[in-house]
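1. Show me how the following folds:
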Amino acid sequence: MRIDFRTFTVKNTVYAIRSAKEADAVQLPDLRSRIDGETEHMDRESGEAPIDESGFAALIEADTASPVNLFAVAEIEGKLVGYARCEGRPLKRFAHRAELGLGVLRDYWGLGIGSALLESLLEHAGAVGLTKLTLSVVETNVSAIRLYGKYGFEKEGVLQRDRIHADGRFYATVLMGRFRG
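-> Okay, here's the model as predicted:
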C-alpha cells in the first residue's frame with residue numbers, strides 16, 4: 001500500500017513523510033543499524049539481525065503490493081532519517097489488526113517526525129479498515145509511551161523481565177493497543 005507524499009516544516013527543518021520506494025533500500029540497512037545503536041529503546045542492537053539492500057527491496061515491494069501493509073519513511077534533503085511500518089496478518093481471525101513500529105535518528109528527535117510517521121500509519125490503518133493496532137515498547141521509553149497514549153494507545157499488558165540491556169539488567173516490555181470500530 002502507498003500513502004501520499006506530505007511535507008512538514010518544524011524549527012526551520014523541512015522533512016517529508018512518504019511511502020518507501022525501492023531506491024530507499026540503499027539507505028535503509030545503515031539507517032536501521034544506526035537507529036538500533038543510538039538507544040536501547042529498540043529491540044535490536046546495532047548490526048544485529050541485519051537486513052541488506054535486497055532484503056529491504058523485497059520488503060518494500062511486498063508492502064507496496066499488500067492491501068494492508070505500509071512501509072513509510074521520513075526524508076530530509078534526500079536523506080532518510082526515520083521509518084515506520086504497519087504490518088497486518090494474513091489469517092482471517094486477525095485480519096482486523098496490524099502491528100506498528102517506527103524509529104527516528106536521534107539527531108532528528110523533537111521535530112515531530114515520530115508523530116508524523118505515526119499519524120501516517122494511523123490514517124492508513126483507518127483507510128484500509130483496520131480496527132486494532134498493536135505495538136510494543138520498552139518500559140524505559142517514557143516519551144514513546146506518552147506519544148502512543150496521546151494517539152489513543154492503551155497499555156494492554158506487560159512482559160516482565162523481557163529483555164536484557166547492556167547494563168546487565170532486565171527490563172519489561174509494555175504491550176499497547178488502539179481499538180477503533
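2. Where is the longest helix in the protein?
-> helix 113-127 (DSSP state H).
3. what comes up buried for that one?
-> Within helix 113-127, the residues that count as buried by 16 or more other Cβ atoms under 10 Å are Ile113, Gly114, Ser115, Ala116, Leu117, Leu118, Ser120, Leu121, Leu122, His124, Ala125. The way it works is simple: take the backbone N, C-alpha and C, and place the C-beta from them, glycine included.
4. Quick one: residues contacting the closest residue to Lys132 other than its chain neighbours.
-> Leaving aside its chain neighbours, Lys132 sits nearest to Arg97 (3.8 Å; criterion: Cβ to Cβ, 6 or more residues apart in numbering). Counting by Cβ atoms under 8 Å, 6 or more residues apart in numbering, Arg97 touches Gly88, Arg89, Leu130, Thr131, Lys132, Leu133, Thr134.
5. Swap in 10 Å and give it another go.
-> Val68, Gly88, Arg89, Ala125, Leu130, Thr131, Lys132, Leu133, Thr134, Gly177, Arg178, Phe179 (Cβ atoms under 10 Å, 6 or more residues apart in numbering).
6. Need the buried ones from these selected in PyMOL.
-> Remark: buried members of those, expressed as a PyMOL selection using 16+ other Cβ under 10 Å:
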select buried, resi 68+88+125+130+133+177+178
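7. What is the nearest of the contacts of Arg97 to Lys150?
-> The shortest approach to Lys150 among the contacts of Arg97 belongs to Arg178, at 11.0 Å (Cβ to Cβ).
8. these two touch, right, that closest one and Lys132?
-> Yes: taking Cβ atoms under 10 Å as the definition, Arg178 is a contact partner of Lys132 at 7.2 Å.
9. what do those two both touch?
-> Shared contacts of Arg178 and Lys132, defined by Cβ under 10 Å, 6+ apart, comprise Arg97, Ala125.
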